[in-house]
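Enquirer: Provided below for reference: sequence and predicted model.
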Amino acid sequence: MVIVFFSEIVMIEQLARGRLQRALPRGMELSHFMVLNHFARLGGEKTPGQLARIFHVTKGAMTNTLNRLDAAGYVHVRPDWDDARRKWVGISPAGQSARDRAVIAMAPVFDDLLEELGPGRLRDALPTLRAIRAVLGADEP
């Protein structure tokens with residue numbers, strides 16, 4: 001039963017990721033959008049290490065994503081004035097604009113899902129999904 005359950009979750013994730021990736025503006029990857037969206041929602045600055053932990057990826061993968069975002073002008077990367085080994089990253093105005101364009105492009109992606117299931121069923125599923133995430137993430141640092 002658990003294998004079937006998680007097989008469904010994995011398939012949903014793959015299908016959703018594919019739809020979202022196709023809807024994003026040209027040149028933007030889903031990982032780029034996720035970082036920009038994080039900053040757009042929460043503001044402030046984070047270190048690459050903090051972002052890697054937040055997104056459950058390696059520091060190398062996050063560095064790659066941040067390098068691409070920096071090259072596009074979507075984030076500002078600055079040195080830590082107290083610790084030269086560390087950098088701080090924040091969203092730029094161009095990054096905020098790119099994130100906003102991506103949100104508009106992604107808006108109709110799941111209209112069929114909303115129409116078929118309705119907002120109530122989707123809302124009712126959230127507590128269970130969040131509980132699953134909490135259990136699976138309980139051993140994360």
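Expert: Here it is on my side, so go on.
Enquirer: Pull the residues that contact the helix or strand encompassing Val77.
Expert: Using DSSP states H and E, Val77 sits in strand 75-79. Residues outside strand 75-79 that contact it (CB atoms under 8 Å, 6 or more residues apart in numbering): 35-36, 39, 45, 66, 69-70, 86-92, 95. Quick note: C-beta positions are derived from backbone N, CA and C, even for glycine.
Enquirer: Repeat the analysis, applying 6 Å as the threshold.
Expert: Residues from elsewhere that reach strand 75-79 (CB atoms under 6 Å, 6 or more residues apart in numbering): Leu69, Asp70, Lys87, Trp88, Val89, Gly90, Ile91, Ser92, Gly95.
Enquirer: Between which two of these is the distance greatest?
Expert: Spanning the widest gap among the contacts of strand 75-79 are Lys87 and Gly95, at 15.9 Å by CB to CB.
Enquirer: Buried residues of the strand holding Val77, list them for me.
Expert: Val75, His76 (16 or more other CB atoms under 10 Å).
Enquirer: for the helix or strand following that strand, packing partners?
Expert: Toward the C-terminus, strand 75-79 is succeeded by strand 87-91 as the next helix or strand (DSSP H and E). The helices and strands touching strand 87-91, judged by 3 or more CB pairs under 6 Å, 6 or more residues apart in numbering; DSSP states H and E, are strand 75-79.
Enquirer: Can you tell me the element Leu69 falls in?
Expert: With DSSP H and E as criterion, Leu69 is part of helix 59-71.
Enquirer: Off-centre distance for that helix?
Expert: 13 Å (CA atoms, centre = their mean, to the nearest Å).
Enquirer: Check stretch 125-138 too.
Expert: 17 Å.
Enquirer: for the helix holding Leu69, what is the average pLDDT?
Expert: Across helix 59-71, pLDDT averages out at 96.
Enquirer: before we move on, the earlier item: who has more neighbours out of Lys87 and Gly95?
Expert: Gly95 (22 against 17; other CB atoms under 10 Å).
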